[in-house]
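Trainee: sequence unavailable; structure follows:
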Ligand SMILES: [Zn+2]
């Protein structure tokens, strides 16, 4: 089945992570697993920009922005959108140390609203990136489309909160990489909405084969799987 990866990273992550894929390595792996396109980001946006230049048909680029940098983050966003072909915002409250609903995030959200940009937000780690905080942000910015990346991640209580929060705010969409419970994929599809769940790999943190299999065995039928693997993110990003 053809796929679009709603969440991946090019480049190397050091420290405890010690994982990485170059743009070429990722493009080759995508070919093997029938992944047409990947939505990518990296803390250094220059790495993402280089990957996009090398494989413009394979990748869509999100601007990884640190709201703590204030006006500089807005300037960086402007440059990435206008000169470099970026098409959305990635926020990582854990990595950059702010809570998802902190007012420091608001200027970027206002900019996202003004430009109609999707905002992808990492979820699943206390105290910074909990589903409830992302819900409060979604409530404050109902016109901004938010992707709750990892839909709660590795903790059952957060996974349930991700589903419950997305049910409450219709501007929240869920992405399922690194989320261990295959049952929650079907639950999210049925309870949140058929069009509001995306498949993602979070490569290089997870292996494509593992992430694909978990979704394949989730209990969704072929047509539903096509929504999750392909059609939903395509529509969300405005590619069809
Ligand atoms: Zn990630």
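Mentor: Looks like it came in fine. Here the structure is a predicted model, which is why all the values come from computation and not from measurement.

Trainee: what ranges in the chain fall below the confidence cut-off?
Mentor: Across the chain, nothing is flagged by pLDDT under 70.

Trainee: ok, the one helix or strand residue 6 maps to: who's next to it in the sheet?
Mentor: Element membership of residue 6 [criterion: DSSP states H and E] is strand 3-8. Paired neighbours of strand 3-8 in the sheet (DSSP bridges): strand 35-40 (parallel).

Trainee: show me what the partner strand is in contact with.
Mentor: Contacts with strand 35-40, where a contact means CB atoms under 8 Å, 6 or more residues apart in numbering, come from 2-10, 26, 29-30, 48, 51-52, 57-62, 88, 120, 200-201, 203, 208, 230, 233, 237. Backbone N, C-alpha and C define where each C-beta goes, glycine included.

Trainee: swap in stretch 128-145?
Mentor: With CB under 8 Å, 6+ apart as the test, stretch 128-145 has contacts from 92-94, 97-101, 105-106, 109-110, 112-113, 117-119, 121-124, 146, 148, 152, 158, 161-162, 164-165, 168-169, 171-173, 236.

Trainee: show me what the strand or helix carrying residue 79 is packed up against.
Mentor: Here residue 79 sits within helix 71-83, counting by DSSP H and E. In terms of contact count using 3 or more CB pairs under 8 Å, 6 or more residues apart in numbering; DSSP states H and E, helix 71-83 is assigned the packing partners helix 45-54, strand 59-64, helix 106-115.

Trainee: quick check: residue 67 vs residue 102, distance?
Mentor: Going from residue 67 to residue 102 by CB to CB, to the nearest Å gives 8 Å.

Trainee: that older thread, of the contacts of stretch 128-145, buried ones?
Mentor: With burial judged by 16 or more other CB atoms under 10 Å, the buried subset of the contacts of stretch 128-145 is 92-94, 98-101, 105, 109, 112, 117-119, 121-124, 146, 148, 152, 158, 161-162, 165, 169, 171-173, 236.

Trainee: now the helices for the protein?
Mentor: With DSSP state H, the ranges of helices along the chain come out as 23-32, 45-54, 71-83, 93-96, 106-115, 131-140, 156-168, 182-191, 208-216, 222-226, 232-236.

Trainee: elements contacting the first one?
Mentor: Contact partners of helix 23-32 among helices and strands, from 3+ CB pairs under 8 Å, 6+ apart: strand 35-40, helix 45-54, helix 208-216.

Trainee: please identify the most buried of these.
Mentor: strand 35-40 (a mean of 23; mean count of other CB atoms under 10 Å).

Trainee: just want the angle from that strand to helix 208-216.
Mentor: Angle of strand 35-40 versus helix 208-216, following axes from the mean of the first three to the mean of the last three CA atoms, to 10 degrees, is 100 degrees.
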